[in-house]
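J.: structure of the sequence below:
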Amino acid sequence: MRRRAVTIQNVGDYKINSTFETATGTTSVEIRKSKTTYYIIGAAILVLRLIALFVLIRA
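T.: Numbering: from 1, shown residues only. Okay, the predicted model is just below:
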């Protein structure tokens, strides 16, 4: 059995827009991947944790 090396490439930011017809009309979908989005989500989670910690300490 031969093994092959698998290379995983990290792709940068991208955006995919798709529009398609359904029985009820036209539907548009947008899919985005961005490092900035991950940073914003991480910062929001950190802020929520800090607020929860502050509330628990004050209680």
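J.: in the sheet, who's paired with residue 16?
T.: Residue 16 has these beta-bridge partners by DSSP bridges: residue 31.
J.: can you give me the strands in this protein?
T.: 14-22, 25-33 (DSSP state E).
J.: dump these into JSON lines; add mean pLDDT, mean neighbour count and distance to residue 41 as well.
T.: Quick note: C-beta positions are derived from backbone N, CA and C, even for glycine. JSON lines is the format used below for the strands of the chain (pLDDT from 0 to 100; neighbours: other C-beta atoms under 10 Å; distance: least, C-beta to C-beta, whole Å):
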{"stretch": "strand 14-22", "mean pLDDT": "85", "mean neighbour count": "9", "distance to residue 41": "17"}
{"stretch": "strand 25-33", "mean pLDDT": "85", "mean neighbour count": "9", "distance to residue 41": "12"}
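J.: just send these back as CSV, with distance to residue 50 too.
T.: Below are these laid out as CSV (distance: least, C-beta to C-beta, whole Å):
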stretch, distance to residue 50
strand 14-22, 32
strand 25-33, 27
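J.: residue 57: which of those is closest?
T.: Across the strands of the chain, residue 57 has its closest neighbour in strand 25-33 (36.9 Å, C-beta to C-beta).
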